[in-house]
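Novice: any chance you can model this:
(chains A and B)
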Amino acid sequence: MNPVLRREVMERFRSRRAPWFLFAWTIGVGMIGYVAYLVSQQVANQVLGRLIATQYMGRFLFQAMAVLMMTAVVLIVPGVTALSIVTERERQTLPLLQVTQLSPIQLVLGKLSSSIGYFLLLLIAVGPVVAIPLLFGGMSAGDIGAALAMMLATAITLGSVAIAVSSRARSSRGAVAGSYAIAFIIGFLSLAIFLGELFLARPSDQALIPARGREFYSSWLNPYVGMVDAIRQPLRVPTDYTLTPFAAFDAIVYARQGVSTPAISMGGGFGGQFGVGFAAEMAVIQPFPAPGQDELAVRVRRGPVWTRTLIIYAAITALALLRAAFVVRAPARRIFLTKRRRNV
Amino acid sequence: MGIAILEGVEKRYGEVMAMNGIDLDVPEGSIYGLIGPNGAGKTTSMLVISSLLARDAGKVEVAGKDPQVEPRAVRKVLGYMPDVFGFYENLTTTEYLDFFAAATKVPAAKRPALIADLLGLVDLEGKADADVNTLSRGMKQRLSLARALIHDPQLLVLDEPASGLDPRARVHLRELIAELSRMGKTVIISSHILSELEGICSHLAVIDEGKVKASGDLNEIRRTLTANRRITLRTPDEEVDEVATILSGQPEVSEVDVERGRLRFVLTGEDEDSARILALVIGSGRRIYDWRLEVAGLEELFLSITGSESNDS
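Specialist: Model (predicted):
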C-alpha cells in the first residue's frame, strides 16, 4: 500500500471534521432523495398511469440521484484534493517526503487515491439512499454501472487537476480557488459554452439543430452529458418520454443525432422556431411504435459522447498528474515558498 | 576522499548569488559545522547536498554519487533534518516514524524494533504513543532526528537543529549528535549561533555571502588563524614578578601582563615552544599551579575570518 495513502487515510479519519461531514452528507443526500421521491410521486400520480408511474418514479429517482452524485463529484472532489500538496508545503513536510525513496508519481498517486477513496466512502455511505430507485425498477444494473463509472472517471480527472493546481499553489486558498475554477469550467461552464456554441456557431440560414443533427464539441467535456450518454447507450427514444432530471442532458445527447426531445422542443421555444420536431421524425428509424413498444431505435449518426469524454478525461488526468509530479520532483530548480512560509 | 564533496558550486536565486563557487570536502566520520550569518548560503548548500535543490554550476558528490543525477541513490545514504519540524496531524510518534520508514523502503517486519530503538536513542521511548503535536519543541527536534535516521544513513544533514530550543534541549541535542558521531555517522550541521557548534565539530566551514571563507579541520583552522595564542598561568603571588621576567626574556613571548594574580602573555610560537617555556619556568624552581592555552572560540574565529571584510563593507 502506498505509504502516503495510508497516512492520509489515518490523518483524515482521525480528524474531528470527518465524522461530522459524513453525518451531514448522509442527512443531506437522504433529504434530497426524499424530496426527489415526493416530486416523482406527484408527477407520476398526476400525469401517468400507476404501473408506468412506478417505473417512472424509479427512473426519476435514479436520474435525480445520478445528477446529485455527479454534482457532488464536481463540488466535493476539488475541495478534498486541492489541499493535498500545498498543505505539505505549508507545514513544511514536502522536503521530508522528497528525500525519501518515494518517487514524485508515487507521492502524487498517493494523494489522489486518498481523495478518491474518501469520495468513494461518501458514495458508499449514501448507498442505501441511492439504491432506493432499484425498488421501483425502470433502470438496469448497466445504467447504474455506467453512471458510477462516469462519476469515478470524473472524480479521478477533477482530483488530478486539483493536485496539479495544488502542486503549483502558494497558498491553500489559491489551491482551492484554482481547483474549483477548473472544476466549474468542466462541470458547469462547458454547458454554458455549449449554449454559446449552439447559437454563435450555427450558420445564419439554418436551424439550431439540423435534421441530421450536429456535433457539440463542448459537450464532450461535460461530465453530465458524458454520464447521460453512457446510460442511454444504445440510444433509444422512449415512446412515453416525460421530463426527468436528465432532460437537459438528453436534449444534447439526442440533438447530436438529430432527435428532438421535449426539453429541446420546450426549452427556450427554439424547437418550434427552428423546427426541431421535424428533425426528430427524420432521425428515428421507425417513426411509429408498435403496440406495447416503449422505445424507438435511433439512427446513430455520431459516435457516443461518453467515449470522447473518457478520452479527454484520460488525457487531462495524465497531463495533470505528470505536471504535479514534475513540480514536486527533487532536486528542483528553485525553492517553492508558500505564503505562510514566507511570513515565518 | 570525503563523503560529501562540493567543487565550485554555484546557485543563484534571481539577483542573489546564494552559492558563489562553494568548495567543501566533508571527511567520513566527521562532524562538519557550517557557520555563517543568516543568508550566507548554508541552507542552500545543505539543500544541494541533500538532493532537494539543483545547482547552477559546479560539481557535487555524496558517497560518490551526484545528487542531481542519482538523487535516489544519494537519499539512501543521507538523512536530512530541516530547520523546521514538519509534522502531520493526528499521528503518534510511532506512526510518524513508521510512515517515514515505509517511505524509505524499510521492510515492514523490521520497523517495530527499529522504531523502538530510535525512540530509545533520542530519549523518547516514553512518548511512543503520544500525539506528535503534543510534544515539546525539543522533543520534536529529537523525533525529527530519529526520522532522519530511520533508514540508517551514513550522512546526516542537520540544518539549524538547535534553533528555538531551550538550553537543556540544546545540550541534549549536542550529546545526541556526539553519540551519532561515535556510531560512525558523518554529520553536517549548520548554525548561525556559533556557541551551538562549539565543542562538537571536528571540522568547520565558514560561509559568508555564498563563499567559503575558511574550511577544514577545526584545530588546523584555529592554528592558522590564531598564530598568536594567548597563554594564562597561575603562580604563587611572591613569584609572579620573577616568572614574568623569565617569560619576557623569551623571543616567542610578548605582551606579558599581570592581571588579578594571573600572568597572561602572547605566544607567537608553536606548541613545542609552549612546552619548552613551561619546562624552563619549572626548571628555574618556580611553581606553576595552572598553565592554560586559551583556545579561540568559534565566534572569535568567525570574526577573525569575516570581521575585516564586514568592517570594510
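Novice: what about the spatially closest residue to residue B:194 that is not a sequence neighbour, distance to chain A?
Specialist: Excluding the flanking residues, the one nearest residue B:194 by C-beta to C-beta, 6 or more residues apart in numbering or on different chains is residue B:298, at 3.9 Å. For the C-beta atoms, the positions are set from N, CA and C on the backbone; glycine is no exception. As for residue B:298, its distance to chain A is 26 Å (criterion: C-beta to the nearest C-beta, to the nearest Å).
Novice: lowest-confidence helix or strand of the chain?
Specialist: Defaulting to chain A. Least confident helix or strand of chain A, by mean pLDDT, DSSP states H and E, is helix A:270-274 with a mean of 35.
Novice: give the contact list for residue A:115.
Specialist: When contacts are counted by C-beta atoms under 8 Å, 6 or more residues apart in numbering or on different chains, residue A:115 is found next to A:77, A:80-81, A:84, A:159, A:162-163.
Novice: filter the residues you listed down to the buried ones.
Specialist: The neighbour-count criterion (16 or more other C-beta atoms under 10 Å in any protein chain shown) marks A:77, A:80-81, A:84, A:159, A:162-163 among the contacts of residue A:115 as buried.
Novice: near chain A, which residues of chain B show up?
Specialist: Within chain B, the positions near chain A by C-beta under 8 Å from any C-beta of the partner chain are B:13, B:47-48, B:50-54, B:67-68, B:71-72, B:75-76, B:78-80, B:82, B:84-91, B:95, B:99-100, B:102-105, B:147.
Novice: separation between residue A:99 and residue A:184?
Specialist: 37 Å (C-beta to C-beta, to the nearest Å).
Novice: which of the contacts of residue A:115 fall in helices?
Specialist: When DSSP state H defines the helices, the subset of these inside them is A:77, A:80-81, A:84, A:159, A:162-163.
Novice: between those, which is closest to chain B?
Specialist: Chain B has its nearest neighbour among the ones in helices among the contacts of residue A:115 in residue A:84, at 12.7 Å by C-beta to the nearest C-beta.
Novice: identify the residues contacting the closest residue to the closest one other than its chain neighbours.
Specialist: Ranked by C-beta to C-beta, 6+ apart and with sequence neighbours excluded, the top spatial neighbour of residue A:84 is residue A:111, at 4.0 Å. In this structure, residue A:111 makes contact with A:4, A:8, A:81, A:84-85, A:163, judged by C-beta under 8 Å, 6+ apart.
Novice: how far out from the middle of the chain is the helix or strand containing residue A:111?
Specialist: Under the criterion DSSP states H and E, the helix or strand holding residue A:111 is helix A:104-125. Between the centre of helix A:104-125 and the centre of its chain there are 17 Å (C-alpha atoms, centre = their mean, to the nearest Å).
Novice: how about that helix: buried residues?
Specialist: Across helix A:104-125, burial judged by 16+ other C-beta under 10 Å covers A:104, A:106-116, A:118-119, A:122-123.
Novice: equivalent analysis for stretch A:56-69, please.
Specialist: For stretch A:56-69, by 16+ other C-beta under 10 Å, it's A:56-69.
Novice: quick one: the strands in chain A?
Specialist: With DSSP state E as the definition, chain A shows strands at residue ranges A:236-238, A:295-297.
Novice: repeat for the stretch 151-300 of chain B
Specialist: Remark: strands of the stretch 151-300 of chain B, listed N- to C-terminal, are B:155-159, B:186-191, B:203-208, B:211-217, B:229-234, B:253-259, B:262-267, B:290-294; assignment by DSSP state E, counting those that start in this stretch.
Novice: specify the angle between the fifth one and strand B:290-294 in degrees.
Specialist: Here strand B:229-234 runs at an angle of 160 degrees relative to strand B:290-294 (axes from the mean of the first three to the mean of the last three C-alpha atoms, to 10 degrees).
Novice: tell me the confidence at residue 52?
Specialist: I'll assume chain A. You'll see residue A:52 listed with a pLDDT of 63.
Novice: that's the other chain; I wanted chain B
Specialist: Here the pLDDT value assigned to residue B:52 is 92.
Novice: how about it: what's its closest non-neighbour residue?
Specialist: Leaving out its chain neighbours, residue B:52 is closest to residue A:330 (C-beta to C-beta, 6+ apart), at 4.8 Å.
Novice: do residue A:331 as well
Specialist: With sequence-adjacent residues excluded and distances taken as C-beta to C-beta, 6+ apart, residue A:331 is closest to residue B:54, at 4.2 Å.
Novice: now for the residue nearest to residue B:194: which residues touch it?
Specialist: Neighbour list for residue B:298: B:33, B:35, B:194-195, B:197-198, B:201, B:204 [criterion: C-beta under 8 Å, 6+ apart].
Novice: for residue A:234, phi and psi?
Specialist: Dihedral angles of residue A:234 (phi, psi; degrees, to the nearest 10) stand at phi -70, psi 150.
Novice: contacting residues for it?
Specialist: When contacts are taken as C-beta under 8 Å, 6+ apart, residue A:234 is in contact with A:297, A:300.
Novice: quickly name whichever of the buried ones among the contacts of residue A:115 is closest to residue A:144.
Specialist: When those are compared for distance to residue A:144, the smallest value, 19.9 Å, is given by residue A:77; criterion: C-beta to C-beta.
Novice: from residue A:160, how far off is the closest one?
Specialist: In terms of C-beta to C-beta, residue A:77 sits 10 Å off from residue A:160.
Novice: so which residues of chain B form helices?
Specialist: Listed in chain order, the helices of chain B (DSSP H) span B:42-49, B:71-77, B:93-103, B:111-121, B:137-148, B:167-182, B:194-197, B:218-225, B:240-248, B:271-283, B:298-312.
Novice: hey, what's the angle from the fifth one to helix B:111-121? Just curious.
Specialist: Going by the same axes, to 10 degrees, helix B:137-148 is angled at 140 degrees with respect to helix B:111-121.
Novice: go through helix B:137-148 and flag the buried ones.
Specialist: Applying 16+ other C-beta under 10 Å to helix B:137-148 flags B:138-148 as buried.
Novice: what of the second one?
Specialist: Of the residues in helix B:71-77, those buried under the neighbour-count criterion (16+ other C-beta under 10 Å) are B:71, B:73-77.
Novice: residue ranges with poor pLDDT in the stretch 101-250 of chain B?
Specialist: By pLDDT under 70, the weakly predicted segments of the stretch 101-250 of chain B are B:225-228.
Novice: could you rerun that using 90?
Specialist: B:120-126, B:128, B:133, B:135-142, B:145, B:160-184, B:190-202, B:204-231, B:236-242, B:250 (pLDDT under 90).
Novice: residues in contact with the closest residue to chain B within the stretch 201-344 of chain A?
Specialist: Closest contact between the stretch 201-344 of chain A and chain B, by C-beta to the nearest C-beta, is at residue A:331 (4.2 Å). Neighbouring residues of residue A:331 by C-beta under 8 Å, 6+ apart: B:48, B:51-54, B:67-68, B:71.
Novice: interface residues of the stretch 101-250 of chain A facing chain B?
Specialist: For the stretch 101-250 of chain A, the residues in contact with chain B (C-beta under 8 Å from any C-beta) are A:101-103.
Novice: coming back round to it: what sits against the residue nearest to residue A:331?
Specialist: Contact analysis of residue B:54 by C-beta under 8 Å, 6+ apart lists A:331-333, B:48, B:68.
Novice: quick check, nearest of those to residue B:164?
Specialist: When the contacts of residue B:54 are ranked by distance to residue B:164 (C-beta to C-beta), residue B:48 comes first, at 24.3 Å.
Novice: who's in contact with that closest one?
Specialist: For residue B:48, counting by C-beta under 8 Å, 6+ apart, the contacting residues are A:331, B:6, B:9, B:11, B:19, B:54-55, B:60, B:67.
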